[in-house]
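Student: got a structure for you, letters missing:
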């Protein structure tokens with residue numbers, strides 16, 4: 001029950017320490033974790049009521065959990081997903097493994113446009129049901145707060161349907177579900193007024209989701225810089241934050257556009273130039289790496305090591321989607337970041353907890369362990385937090401607590 005009081009005792013409590021001035025952790029600060037050996041956390045009414053060393057002997061609680069020295073850390077925050085979709089594209093993966101290019105698959109009626117067709121045909125309730133099932137998968141591998149994008153509609157009616165599905169799930173899910181309006185994505189060849197339509201839609205929904213970020217995929221063959229600039233100018237007019245899919249395959253000016261608009265985050269970065277990464281590191285924007293794409297597609301990864309070494313802020317996310325990142329696991333993304341982006345375990349943990357929460361504007365409520373924050377926690381099977389950044393294909397945490405709601409895998 002959410003209103004239960006829970007004591008987790010005898011835990012190795014591991015969490016980032018938010019900076020005094022707020023905002024994301026940057027540079028070397030990403031590598032510093034606060035560790036309490038054999039400590040306790042008290043959960044009351046869905047929030048953290050106490051954190052400290054030793055047992056919680058003075059507190060009367062409904063349930064006590066002996067962590068037996070295992071790591072208690074924040075539930076992961078997945079700050080970039082496309083988890084609201086319909087249909088499946090498993091056959092395309094076999095085509096890719098057989099050597100078919102993305103363009104060949106697209107011309108044959110596959111690729112993102114097949115997902116667009118399936119989403120257009122699905123009802124809002126069907127989209128919501130499938131999204132809830134995927135969130136349950138994510139919870140099982142330790143994820144709490146989740147960002148979910150629209151973007152598979154390409155027309156105003158379907159984008160609005162996706163948004164309504166996301167909001168329906170958000171109303172009942174025990175952890176934050178953050179909608180992002182990905183209104184610039186693939187090109188709709190049948191609608192030359194696509195940019196104008198998306199800007200008009202933004203004006204219609206701004207009051208409904210006033211803090212939602214506006215996103216665009218800026219890439220060759222998708223929305224170009226000029227199209228994204230028009231959308232972002234409308235977002236700025238409405239006071240809405242901007243995020244950008246930038247430099248996944250080509251550096252065409254998307255990163256620079258993002259910085260021009262003071263983007264909350266700049267995501268992908270696999271093809272970013274050295275000067276682009278230096279500019280990102282010097283900005284207030286957070287770089288978001290999506291290493292599952294590199295694992296699944298082409299072996300390319302953002303240079304997260306360079307971004308951190310230059311004093312930048314980095315987050316890592318799953319990018320879960322049916323076409324380029326078929327994984328619900330932020331922990332897997334963190335392990336890929338540690339291996340291919342040369343992050344330390346502490347940096348990897350920071351990138352999928354506190355810094356990821358900053359991308360979503362949630363750092364004041366989740367992503368770390370402190371009194372008054374939401375009780376979004378995971379108890380690992382391990383007694384060393386470095387396992388989180390290096391174990392691959394593990395079973396997930398022994399238990400999660402999301403907003404005070406307990407889910408146990410191992411007694």
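Tutor: Yes, it's here. Just so it is clear, the structure is predicted and the values come from calculations on it, not from any experiment.
Student: pLDDT value on residue 252, please?
Tutor: We note a pLDDT of 97 for residue 252 in this prediction.
Student: Look up how far residue 219 lies from it.
Tutor: The spacing between residue 252 and residue 219, counted by CB to CB, to the nearest Å, is 7 Å. Where C-beta positions appear, they are placed from N, C-alpha and C, glycine not excepted.
Student: Among those two, which residue is more densely surrounded?
Tutor: residue 219 (20 against 17; other CB atoms under 10 Å).
Student: From residue 190, how far out is the more buried one?
Tutor: Counting by CB to CB, the gap from residue 219 to residue 190 is 20 Å.
Student: for residue 338, same thing?
Tutor: As for residue 338, its distance to residue 190 is 44 Å (criterion: CB to CB).
Student: what does residue 125 give?
Tutor: When CB to CB is applied, the distance between residue 125 and residue 190 equals 27 Å.
Student: and those two? which has more neighbours close in?
Tutor: Remark: of residue 125 and residue 190, residue 125 carries more neighbours, 11 against 8, as counted by other CB under 10 Å.
Student: what comes into contact with the host helix or strand of that one?
Tutor: In the assignment (DSSP states H and E), residue 125 maps to helix 124-140. Applying CB atoms under 8 Å, 6 or more residues apart in numbering, the contact partners of helix 124-140 are 78, 83-86, 119, 146, 148, 161-162, 164-166, 168-169, 172-173, 175, 177, 318, 320, 328-330, 396, 400, 402, 407, 409.
Student: buried set for that helix?
Tutor: Applying a neighbour-count criterion of 16 or more other CB atoms under 10 Å, one finds 124, 127, 128, 130, 131, 132, 134, 135, 138, 139, 140 buried in helix 124-140.
Student: go on, stretch 393-404?
Tutor: Of the residues in stretch 393-404, those with enough neighbours to count as buried (16+ other CB under 10 Å) are 394, 396, 397, 398, 399, 400, 401, 402, 403, 404.
Student: Pull the residues that contact that stretch.
Tutor: 2-4, 6, 43-47, 65, 70, 75, 139-142, 144, 174-175, 329, 331-332, 374-381, 387, 406-410.
Student: Can you flag which of those belong to strands?
Tutor: 6, 43, 44, 47, 65, 144, 377, 378, 379, 406, 407, 408 (DSSP state E).
Student: Contact partners for the nearest residue to residue 306 once chain neighbours are set aside?
Tutor: In space, residue 306 comes closest to residue 277 once its chain neighbours are excluded; the distance is 5.6 Å by CB to CB, 6 or more residues apart in numbering. If you count contacts by CB under 8 Å, 6+ apart, residue 277 has them with 269, 287, 303, 306, 307, 310, 312.
Student: State the distance from the last one to residue 302.
Tutor: Residue 312 sits at a distance of 11 Å from residue 302 (criterion: CB to CB).
Student: Repeat that for the first one.
Tutor: From residue 269 across to residue 302, the span is 4 Å (CB to CB).
Student: ok, now the second one?
Tutor: The spacing between residue 287 and residue 302, counted by CB to CB, is 7 Å.
Student: what do these two both touch?
Tutor: Taking CB under 8 Å, 6+ apart as the contact rule, the neighbours common to residue 287 and residue 302 are residue 269.
Student: pLDDT on stretch 328-343, on average?
Tutor: Here stretch 328-343 scores 98 as its mean pLDDT.
Student: Mind listing what's buried along that stretch?
Tutor: With the criterion 16+ other CB under 10 Å, stretch 328-343 contains buried residues 328-341, 343.
Student: What count of nearby residues applies to the closest residue to residue 340 other than its chain neighbours?
Tutor: Leaving out its chain neighbours, the residue that sits closest to residue 340 by CB to CB, 6+ apart is residue 301, at 4.3 Å. The burial metric for residue 301, expressed as a neighbour count using other CB under 10 Å, is 21.
Student: tell me the SS of residue 301?
Tutor: The three-state assignment at residue 301 reads coil, by DSSP: H, G, I helix; E, B strand; the rest coil.
Student: Now it. Its backbone dihedrals?
Tutor: Taking degrees, to the nearest 10, you get phi -140, psi 150 for the backbone angles of residue 301.
Student: ok, so what distance separates it from residue 123?
Tutor: To residue 123, residue 301 is 38 Å away according to CB to CB.
Student: list the buried ones in stretch 341-358?
Tutor: Buried residues in stretch 341-358, defined by neighbour count with 16+ other CB under 10 Å: 341, 343-358.
Student: domains for the chain, by residue range?
Tutor: In the assignment given by automatic domain parsing, the structural domains of the chain cover 6-74+368-408, 77-359.
Student: Give me whichever of those domains is most buried.
Tutor: The densest packing among those, expressed as mean neighbour count by mean count of other CB atoms under 10 Å, is seen in domain 77-359 with a mean of 21.
Student: start to end distance for it?
Tutor: Across domain 77-359, the straight-line distance between its terminal residues is 10 Å, by CA to CA, to the nearest Å.
Student: and that domain, how far out from the chain's middle?
Tutor: Relative to the mean C-alpha coordinate of its chain, domain 77-359 is positioned 8 Å out (CA atoms, centre = their mean, to the nearest Å).
Student: Then stretch 41-55?
Tutor: Using CA atoms, centre = their mean, the distance from the centre of stretch 41-55 to the centre of the chain it belongs to is 26 Å.
Student: okay, and the helix or strand of this protein with the least pLDDT?
Tutor: When each helix and strand of the chain is scored by mean pLDDT, DSSP states H and E, helix 102-107 comes last, with a mean of 76.
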